[in-house]
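1. below are the sequence and a predicted model for it; my questions follow.
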Amino acid sequence: MSNQPNETLVRQFSDQVHVQAQQMKARLRPFVEIKKVKGNDYAYDGMGDVEATEIVGRNQPTQFSDIEHLRRKIPQRRYAVALPIDPKDLEETLLDTQSNYASSVARAIERQFDRTAIEAMFADVRTGREFENTVDFATDGVINIDATGGLTYDILTDMQQGFIDNEVGNDMPEQFVLGISGDEHKDLMNETNLTSGDFSRQMVVDKGSITFASGFELIKYGASVANPMLPIVGGERIGFAMSTRAICVGIGQDINIRIDKREDLNYTTQVYADFTIGAVRTEGKLIQRVRLTP
C-alpha cells in the first residue's frame, strides 16, 4: 500500500489553499511592503534623507552629500499547520469546493502574516553591513502614545503631530493605519468630532462601524480571543499607528502542502502546510506605539 495520497489530490488541495488565502487576506497585507526572499540573511535596504549643498563661486570642487543607508535584517522563521483527517473522509473533505480544511489552513497562514508584522513593529532590529548592530524601538525613534485612559480625538491629533514633526507624510500624501481593539472602537464612536456631520464631511462610519478617523484607516483586532494579535505588555494592550512604509514583510518559502498517511495513527491522513516569513521595521519614525487599556 502506498504511503502517499494521489498527487492530483495534493495539487488540488494546495490550489484551494492558495485561492482561499487570496480571498481572506491578512488585515495588514495591503498596508505593508512585501518582498520575496531567499536564505536567512535577507535585508531591507532603504535610504535616509539627503540635503542639497550650496555652490558658492565658480569652478568649485564637488562636495559629496551624505546619505544614510538603512540596511536591516529580515529574520526568517518557519511555521506549520498540521491537521488530521480520517481516511474514509479524505477525498470528500479535501476536494469539497467549500472545504473547511483549506479555509482553516489559509486563515492560519494569514493570521501569522499579521502577527509577524505586528511583532516586528517594536522588536529589536539588526542593522549594519553584517547586521552587527542592534537597535531597539525607543532608540530607533518610535514614539510612545498613552491612550490608557481611552482613545480620544485629542490623542489622535497628538499622533498626527508626531508624524508631522518627524516629516512623515508632509511632502507627499501618505497613508496611515491605526491598530485597535473593540474598546478603542467604542471610544471613537463616542467622539462627535469624528462621527458628526457638523465636524466632518468625510463618511467615516459605515454600517454602524467607524472605519476612518483623523487620517487613520482603522484595523480592528479582537481582545477577547485566546491568542490576541495586539499583545499585552506590563498590563497594557499595545496598539499601533503607522505609515504604510513602516514594515517590510519578507516571504520566503511559498506555502508547501503535504498530505501523508500516518501509519502510527491508524493510517489517519495528515494535512501538513509549512511556510517561512519574516518582517522588519524600516524606520522608527514611521511607527507609534499606542498604549491601551487591556
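-> Alright, I've got the coordinates. Numbers count the residues shown, from 1 in each chain.

2. going forward, measure contacts between C-alpha atoms and count neighbours the same way
-> Fine.

3. next one: the lengthiest strand in the chain to chain centre, how far?
-> For the chain, the strand with the greatest residue count under DSSP state E is strand 268-281. Here the centre of strand 268-281 is set off from its chain's centre by 16 Å, with C-alpha atoms, centre = their mean, to the nearest Å.

4. ok, Asp45 - how many residues close by?
-> Other residues lying near Asp45 total 11 when counted by other C-alpha atoms under 10 Å.

5. skipping adjacent residues, who's closest to it in space?
-> Spatial nearest neighbour of Asp45, chain neighbours left out: Arg71 (4.5 Å); criterion: C-alpha to C-alpha, 6 or more residues apart in numbering.

6. before we move on, the earlier item: elements contacting the longest strand of the chain?
-> Strand 268-281 makes packing contacts with strand 77-85, helix 100-121, strand 247-251, strand 256-262 when contacts are defined by 3 or more C-alpha pairs under 8 Å, 6 or more residues apart in numbering; DSSP states H and E.

7. which one of those is the most hemmed in?
-> Of all the helices and strands packed on strand 268-281, strand 247-251 has the most neighbours on average by mean count of other C-alpha atoms under 10 Å, namely a mean of 25.

8. list the strands paired with it, with their directions.
-> strand 33-36 (parallel), strand 268-281 (antiparallel) (DSSP bridges).

9. rank those by pLDDT, which is bottom?
-> Sorting the strands paired with strand 247-251 by mean pLDDT places strand 268-281 lowest, at a mean of 88.

10. what ranges do the helices span in the stretch 101-250 of the chain?
-> For the stretch 101-250 of the chain, the helices defined by DSSP state H, counting those that start in this stretch cover 153-165, 182-189, 192-195.

11. closest one to Glu217 among the strands paired with strand 247-251?
-> For Glu217, the closest of the strands paired with strand 247-251 is strand 33-36, at 16.7 Å, according to C-alpha to C-alpha.

12. list the buried residues of the closest one.
-> Neighbour counts using 16 or more other C-alpha atoms under 10 Å place Glu33 of strand 33-36 among the buried residues.

13. heads up, I number from 179, so please use that
-> With 179 as the first residue, the last one maps to strand 211-214.
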